[in-house]
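1. Can you look at this prediction? I've put the sequence above it.
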Amino acid sequence: MGKIIADLLKALLNATLLLLAACLFLGWLVMGKVEAVTERVTDAVAEVTPVKTRVEALRAEIAGLRSDLRDGVLPPAPQLDGIETKLEIIEAELSALRALPAALVQQAAESAAAELTGQIVRLTRCEAAGLDIAPAPAETASGS
């Protein structure tokens with residue numbers, strides 16, 4: 001009786017260690033995906049920097065126009081047209097940047113889920129092949 005309990009405890013410990021190893025491996029894979037997403041976010045931030053500098057330049061130009069208007073000097077029409085064009089460009093860039101975080105998060109979630117699913121399937125196949133476990137045949141009722 002004591003030997004059976006000791007064997008059961010060893011089997012429980014073995015199964016626990018195998019599950020722990022599988023979880024650590026899957027966690028390592030997920031962290032790899034997190035690093036890839038971090039790189040994409042860093043690239044996205046790099047795309048935001050030029051827009052920020054354009055906005056700051058436009059603010060400075062508008063501040064100059066305000067001071068000219070206070071002094072009674074009317075700005076020339078081409079200068080106002082240039083500001084409108086810059087505003088349209090910045091608005092287009094900002095709308096593209098608004099969609100970027102959602103796309104990054106969706107892409108990261110999809111790739112992480114696909115990787116996790118693939119690893120679970122591979123681990124399941126490996127475990128089943130290593131243990132030669134075959135599903136039990138379904139028993140049918142003989143109509144008694």
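-> On my side now, so go ahead. Residues are numbered from 1 along each chain as shown.
2. Show me the shaky parts of the protein.
-> Counting by pLDDT under 70, the low-confidence segments of the chain come to 99-102, 126-144.
3. Grab the most central residue of it for me.
-> When the chain is reduced to its mean C-alpha position, the closest residue under CA atoms, centre = their mean turns out to be residue 108, at 2.7 Å.
4. these two touch, right, that one and residue 37?
-> Yes. If you go by CB atoms under 8 Å, residue 108 and residue 37 touch, sitting 4.1 Å apart. C-betas here are computed from N, CA, C, even on glycine.
5. circling back: helices or strands up against the helix or strand harbouring the residue nearest to the centre of the chain?
-> Using DSSP states H and E, the element containing residue 108 is helix 77-131. Contacts of helix 77-131 with other secondary structure elements, assessed using 3 or more CB pairs under 8 Å, 6 or more residues apart in numbering; DSSP states H and E, are made with helix 2-70.
6. In contact with the residue nearest to the centre of the chain, which residues are there?
-> Residues in contact with residue 108, defined by CB atoms under 8 Å, 6 or more residues apart in numbering, are 33, 34, 36, 37, 40.
7. With respect to residue 124, which of these is nearest?
-> When these are compared for distance to residue 124 (CB to CB), residue 33 comes out closest, at 20.2 Å.
8. and the closest one, how far is that from residue 104?
-> With distances taken as CB to CB, to the nearest Å, residue 33 is found 12 Å from residue 104.
9. mind checking the SS state of residue 74?
-> Classification of residue 74 by DSSP: H, G, I helix; E, B strand; the rest coil places it in coil.
10. Quick one: neighbours of the residue nearest to it when sequence neighbours are not counted, just the number.
-> Distance criterion CB to CB, 6 or more residues apart in numbering; nearest residue to residue 74, sequence neighbours excluded, is residue 68 at 7.7 Å. Around residue 68 there are 13 other residues, counting by other CB atoms under 10 Å.
11. Repeat that for residue 69.
-> Residue 69 has 11 neighbouring residues, counting by other CB under 10 Å.
12. Contact partners for it?
-> Per CB under 8 Å, 6+ apart, neighbours of residue 69: residue 75.
13. ok, so what distance separates it from residue 13?
-> In this structure, residue 69 lies at 80 Å from residue 13, with CB to CB as the measure.
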